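[1] starting from these lines, generate the structure:
(chains A and B)
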Protein chains: 2
Amino acid sequence: MTNQIPYKIYLEEHEQPTAWYNLRADMKNKPAPLLNPATKQPMTLEELSGVFCEELAKQELNETDAFFPIPEEVQKFYRMYRPSPLVRAYCLEEKLQTPAKIYYKFEGNNTSGSHKLNSAIAQAYYAKQQGLKGVTTETGAGQWGTALSMACAYLGLDCQVYMVKVSYEQKPFRREVMRTYGASVTPSPSMTTQVGRKILAEHPGTTGSLGCAISEAVEKAVSSEGYRYVLGSVLSQVLLHQSVIGLEAKAAMDKYGIHPDIIIGCAGGGSNLGGLIAPFMGQQLRGEANYQFIAVEPASCPSLTRGKYAYDFCDTGKVCPLAKMYTLGCDFIPSANHAGGLRYHGMSSTLSQLYADGYLEARSVEQTAVFQAAEQFARVEGILPAPESSHAIKVAIDEALRCKETGEEKTILFGLTGTGYFDMVAYEKFHNGEMSDYIPSDEDLKASLAKLSKID
Amino acid sequence: MTNQIPYKIYLEEHEQPTAWYNLRADMKNKPAPLLNPATKQPMTLEELSGVFCEELAKQELNETDAFFPIPEEVQKFYRMYRPSPLVRAYCLEEKLQTPAKIYYKFEGNNTSGSHKLNSAIAQAYYAKQQGLKGVTTETGAGQWGTALSMACAYLGLDCQVYMVKVSYEQKPFRREVMRTYGASVTPSPSMTTQVGRKILAEHPGTTGSLGCAISEAVEKAVSSEGYRYVLGSVLSQVLLHQSVIGLEAKAAMDKYGIHPDIIIGCAGGGSNLGGLIAPFMGQQLRGEANYQFIAVEPASCPSLTRGKYAYDFCDTGKVCPLAKMYTLGCDFIPSANHAGGLRYHGMSSTLSQLYADGYLEARSVEQTAVFQAAEQFARVEGILPAPESSHAIKVAIDEALRCKETGEEKTILFGLTGTGYFDMVAYEKFHNGEMSDYIPSDEDLKASLAKLSKID
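    Numbering: from 1, shown residues only, chains lettered A, B, ... in the order given. Now for the predicted structure:
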C-alpha cells in the first residue's frame, strides 16, 4: 500500500472544495462573541459592518451554517494556485528512520509564500461585491500584506497596508513585492492616523507592533469613504476561508484511504491551524473519528500554554472589539524572534474554546530547535520552510522520533504553511550561531496579564 | 473543449518521463565538438573526464543515442518537486483580450526557484556514483548554486560554489540559502586559486564575472582529490537533463490534445530553452510536426542576434575547452542588467547549430519592457516571475497581442523558468523609474568580437 501513495497528491479540479466549512456549527460550546468595547455587549451586524464588509460581518456572526458556498470568482482564483499538494515526506521518514508516515499540506507554492492568500481573495472579493474602492490592513512579517495585495491587484481594488515599521525597514523586499502588486505600504506607526500620531508622541522612536498597525488600519478604514478593514488571522471568518486547507487535505487522504493519527499546525492567530484541522475536528466533535490535534507556538509568545482565557483587546490602540481568547495581554511585547507570523498576543476565539474544552493540545518550542528542524527538513525535502511553519515541523519530527522509540506506525499530518525566502536574515543568524531563545519570565507575563482584569 | 482544459495540468507519477531525450541524435548537422585549447583537437573522453564526472563526459560526447534512462535515484528526487505544472494562462488571456491560447510550463515551484535543479541532481548523482567527495561550480544570479547545494545536501556530497563577487555582496540571501543546504560559498575572484590571484593582481577591486568564476571552479576541481567540476548551462549534458521540461510539457499537451503553434523560451546559456523545445524540435527535425521556436535574449547581451558563430573560450581564464557557438567574445562584459542568468557571452552549441540552420528564431528585448511584462503577468497570474523568465513572458504577450490584431487563435507555449523572490532590488529599481536599457554599441561589439579571430 505504502508504495502506491505518490510523493504528492494533487486533487483534480472537479475534486476541489466548492464550499467552506464553518467549524463553529459543530461546536457545542460556541466561541464567546466579540464585544463592543464601549458597551461590553455583543457586537451587532450593524456595528461590525462599519468596520468589515457586510458579507464578512455576517460570516463572522454565523455559528449555525456548516457550509458557505465559495463564490465562483474565488474558486477561479483558487484554481490558479490550488489545490496545494499533500506531500508524503518519504525522504524525511527515511532520514529519521522512523516507522511513522509523515504527510504535509504545503501552502507555500504561491507568490504570497503562504496560506494567507486563501482568505485574502475571499475578503477582497466581498469588498468588491459591496462596491468598495479598497481595503486597509496591517502586516507584520509581510505574508498577509502580500497576499492581500495580490488579491486586490487581481480584482482591481485599492490596497493600503500598514506594515510594522521594524519589518518595513528590515524586509524591504517584501515591501517591493507588495508594490509590484500595486499596494501602497506605510510604515507603522505613521502620521497618517490619529492613533499613529498619538503613539509616536508617547513613544518617539518606537519601531511599531502588530497591535499598533491594526489600530491604524482600522482607523483609516472607518474614516475613509468606500473602504473597509480586513484582517488575515484570528477572526472566525478567516478560519472559515482557511478551511479550504483542511478540506483539500482530507479529500486527498480519503482518496487514498489514509487516516491521520496526529494533526499538527503552528499557531499564531490561528488561521492556518484552524483551517487545517477544521473538517477533522468537525468529525471529532460529531463523534465520528478520533484524532490527536497539536497546536505549536513559540516559547517566546506562548498564548495557549501560558496565557489566560479572558476577554482582551485585539489591538494596541484599543479601537477593535474585545475578543475572548487565550491571551498574554494586549500590551505584551514578544521578543524579537524570527517567526513574525507567530508574535500576536492572542489566539482565535474558536481555537481558544476548543483548547479550553480539551479538544486541542498545545506545545511551545524554542527558536533554535525550530531552525534546526527547518534545516533538517530543507535538506531532505527540498523546501526551505518559513520560520512559522517550522514550528510544526519541529513537533512532527519529535512525534516521528517518538514512534521510532515505540515502534508505532503512526500517521502524522502537519501544515507546512509557507516558504522562508524572505527570512534569510533569520537563517543567517542561525548559521552564524547568533540566534537566541527567549522565554518570558513569570514576572513579565504576570505584569502583562494583570492588566486584563480591568476589562472584565 | 477549451473549458475542459484545467488551469493546471499535472502529470500523474506514472506518466512522468523515465528517460531524457538527446536532441542531438535527431540533428543532421551535429553541434561542433569541444576542442582542446592547446591542441585544437576535439576533446577526448579521457580529457573531459579530468574535469567532469565520467558518465557526464560520456553524455557530453554522445550524439547518437536518442534516450538516456533517468536513474531511479534521480527520478525519486524529481518526484519531490516534479512534475511541474503546465498552466493555462486563462487570466492573462482575459486581461489581454486575445484569441490566443497561452500556456506556460512553470519550473519555479522548488526552493532553487528555477529549472536548474533538474540538471543539478543528475550531475550530483553521477558524482556520487563515481565515489567523489564533492563538486565545484560557479554561480552568478545564484539559482544554479542553490540548486546544486540542494542536490548535494540530499546526496551527502560536498559542494563548493564560486559566486561572482558582485552577486555575493548584493545577494546575501541567496548565499544564506546555499549555506542552509551546507554549501561553502566563496566570492570570486578569490585568493583560493591561481587564476583568481592572477585576476586580482591584474584587476584589483574587480567585482568578478561568470567567466572568471568558472575558471576558478574548474581549477579548484582539477587540483583537488576526489572533486569534479559541474556546470549549470551551455553544455550538451545539461540540455539533455533539462529535456525533462519539454518531455513533461509535451506529454501534458498530448494528453489534452493541445498543439502549440509557437514555443518561446528565454536564452542565456540555453539550458531552459534547449530543454523545453527538445522533444518538439525532435519532431520538427524528423519532419513530423511544424512549430515556430523563438529564443528571447536581453538586448544588453545579444549573443544570437548580434554575436558571431565561431569557436570561443567558455571562460575568462581560458582554462576550459573551446566551444563553437554564437558568442559576443569571451571578454565581453554585459551591462549590469538584472537578468543575471542571461549575461553569458555565448550560447549552447546545440542551439547555436539549430539557429545557424534556421530552425530557431531569436529576438532581443529591452529590460524595461521586460519588467513591464513581468508586472503585468504577476498581477493577473499571481506568480512573481524571475527577470530571466520575464523575457519569455514579454514575447509571449507580444505574440498574443499580434493574434488579437489578426484574429488568429494561435496556441502559445512558453517556459516560465523561475521566480523573482531574490530579485526585488531589480523590481524596486523598476518601480522607482531607475531602470535603464543598455544596448551595446556596434563599436563595442566589434572590439570584443575582433579578438575571436585569434582562436581559429
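[2] residues contacting residue A:68?
    If you count contacts by C-beta atoms under 8 Å, 6 or more residues apart in numbering or on different chains, residue A:68 has them with A:19, A:20, A:22, A:59, A:62, A:240. In short, each C-beta sits where N, CA and C put it, glycine included.
[3] which SSE is it in?
    In this structure, residue A:68 is located in strand A:67-69 according to DSSP states H and E.
[4] quick one: distance of that strand to the chain centre.
    On the basis of C-alpha atoms, centre = their mean, to the nearest Å, strand A:67-69 sits 21 Å off its chain's mean C-alpha point.
[5] tally of neighbours for the closest residue to residue A:37 other than its chain neighbours?
    Distances taken as C-beta to C-beta, 6 or more residues apart in numbering or on different chains put residue A:322 closest to residue A:37, at 5.4 Å, once the chain neighbours are dropped. A total of 22 residues lie near residue A:322 under the criterion other C-beta atoms under 10 Å in any protein chain shown.
[6] which of the contacts of residue A:68 are close to chain B?
    Under the cut-off given by C-beta under 8 Å from any C-beta of the partner chain, chain B has nothing from the contacts of residue A:68 close to it.
[7] pick out the most distant pair among these.
    Between all members of the contacts of residue A:68, the longest pairwise span (C-beta to C-beta) is found for A:19 and A:62 and amounts to 13.3 Å.
[8] hmm, back to that, quickly run through the sheet partners of the strand holding residue A:68, with directions.
    Applying DSSP bridges to the sheet, strand A:67-69 is found paired with strand A:19-21 (antiparallel).
[9] so who does residue A:132 touch?
    Applying C-beta under 8 Å, 6+ apart to residue A:132 gives the contacts A:53, A:157, A:226, A:227, A:228.
[10] which other helices and strands does the worst-scoring helix or strand of chain A on mean pLDDT contact?
    Of all the helices and strands that make up chain A, the one with the lowest confidence by mean pLDDT, DSSP states H and E is helix A:165-170; it has a mean of 87. In terms of contacts (3 or more C-beta pairs under 8 Å, 6 or more residues apart in numbering or on different chains; DSSP states H and E), helix A:165-170 is packed against strand A:184-188.
[11] so for the helix or strand following the strand it packs on, what gets flagged as buried?
    From strand A:184-188 onward toward the C-terminus, using DSSP H and E, the following helix or strand is helix A:194-202. Of the residues in helix A:194-202, those with enough neighbours to count as buried (16 or more other C-beta atoms under 10 Å in any protein chain shown) are A:195, A:196, A:199, A:200.
[12] from those, which is closest to chain B?
    When these are ranked by distance to chain B (C-beta to the nearest C-beta), residue A:196 comes first, at 24.2 Å.
[13] neighbours around the spatially closest residue to that closest one that is not a sequence neighbour, how many?
    If you skip the residues right next to it in sequence, residue A:196 has residue A:189 as its closest partner in space, 4.1 Å away by C-beta to C-beta, 6+ apart. Applying the criterion other C-beta under 10 Å, we find 29 residues in the vicinity of residue A:189.
[14] ramachandran angles for residue A:189?
    When quoted as degrees, to the nearest 10, the phi and psi of residue A:189 stand at phi -70, psi 150.
[15] ok, the nearest residue to residue A:298 once chain neighbours are set aside to chain B distance?
    Closest residue to residue A:298 apart from its sequence neighbours, by C-beta to C-beta, 6+ apart: residue A:342 at 5.1 Å. Using C-beta to the nearest C-beta, to the nearest Å, residue A:342 is found at 20 Å from chain B.
[16] same check on residue A:33?
    Noted for residue A:33: a distance of 36 Å to chain B, by C-beta to the nearest C-beta.
[17] please tell me how far that residue sits from residue A:233.
    When distance is defined by C-beta to C-beta, to the nearest Å, residue A:33 is 18 Å away from residue A:233.
[18] same question, residue A:398
    The gap separating residue A:398 from residue A:233 is 25 Å, by C-beta to C-beta.
[19] coming back round to it: will you turn the buried residues of helix A:194-202 into CSV that also has pLDDT?
    Conversion of the buried residues of helix A:194-202 to CSV gives the following (pLDDT from 0 to 100):
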residue, pLDDT
A:195, 93
A:196, 94
A:199, 91
A:200, 94
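[20] could you identify which of the contacts of residue A:132 has the most neighbours?
    Within the contacts of residue A:132, most neighbours by other C-beta under 10 Å means residue A:228, with 26 neighbours.
[21] quick revisit: more neighbours: which of residue A:398 and residue A:233?
    Neighbour count, other C-beta under 10 Å: between residue A:398 and residue A:233, residue A:233 has more, with 23 against 16.
[22] quick check: phi and psi at that one.
    Comment: the main-chain dihedrals of residue A:233 come out as phi -160, psi -170, following degrees, to the nearest 10.
[23] what's the neighbour count on the residue nearest to residue A:435 when sequence neighbours are not counted?
    Distance criterion C-beta to C-beta, 6+ apart; nearest residue to residue A:435, sequence neighbours excluded, is residue A:429 at 4.7 Å. Here the neighbour count serves as a burial measure; for residue A:429 (other C-beta under 10 Å) it reads 17.
[24] and stretch A:291-307, average pLDDT?
    For stretch A:291-307, the mean pLDDT works out to 96.
[25] ok, whichever residue of the stretch 101-250 of chain A sits closest to chain B to residue B:280 distance?
    When distances are taken as C-beta to the nearest C-beta, the stretch 101-250 of chain A approaches chain B most closely through residue A:173, which lies 3.7 Å from it. Residue A:173 sits 36 Å away from residue B:280, going by C-beta to C-beta.
[26] what is the mean pLDDT for the one helix or strand residue A:135 maps to?
    Secondary structure here is read from DSSP H and E; on that basis residue A:135 sits in strand A:134-139. Mean pLDDT, computed over strand A:134-139, is 96.
[27] cool, stretch A:64-80 as well?
    Mean pLDDT, taken over the full extent of stretch A:64-80, equals 97.
[28] and it, end to end?
    Using C-alpha to C-alpha, to the nearest Å, the gap from the first to the last residue of stretch A:64-80 comes to 31 Å.
[29] buried ones in the helix or strand harbouring residue A:263, by neighbour count?
    Assigned by DSSP H and E, residue A:263 belongs to strand A:262-266. Within strand A:262-266, the residues that qualify as buried are A:262, A:263, A:264, A:265, A:266, counting by 16+ other C-beta under 10 Å.
[30] please verify my assumption that the third one contacts residue A:414.
    Yes - at 4.0 Å, residue A:264 counts as touching residue A:414 under the criterion of C-beta atoms under 8 Å.
[31] who touches both of those two?
    Taking C-beta under 8 Å, 6+ apart as the contact rule, the neighbours common to residue A:264 and residue A:414 are A:392, A:395, A:396.
[32] restricted to helices, list these.
    With DSSP state H as the criterion, helices contain A:392, A:395, A:396 from among those.
[33] distance of residue A:107 relative to residue A:383?
    Looking at residue A:107 against residue A:383, where the rule is C-beta to C-beta, the gap reads 11 Å.
[34] so which of these two has more stuff around it?
    Counted by other C-beta under 10 Å, residue A:107 and residue A:383 do not tie: residue A:107 has more neighbours, with 31 against 27.
[35] you'd agree the more buried one is up against residue A:415?
    Yes - judged on C-beta under 8 Å, residue A:107 makes contact with residue A:415 at a distance of 7.0 Å.
[36] hey, what's in contact with both of those two?
    Between them, residue A:107 and residue A:415 have A:115, A:245, A:272 as joint contacts when contacts are counted by C-beta under 8 Å, 6+ apart.
[37] can you tell me which of these has the most neighbours?
    When neighbours are counted by other C-beta under 10 Å, residue A:272 leads these with 32 neighbours.
[38] gap between that one and chain B?
    Spatial separation of residue A:272 from chain B under the definition C-beta to the nearest C-beta is 19 Å.
[39] so what's that residue up against?
    With contacts taken as C-beta under 8 Å, 6+ apart, residue A:272 has the following neighbours: A:107, A:114, A:115, A:242, A:245, A:265, A:266, A:415, A:417.
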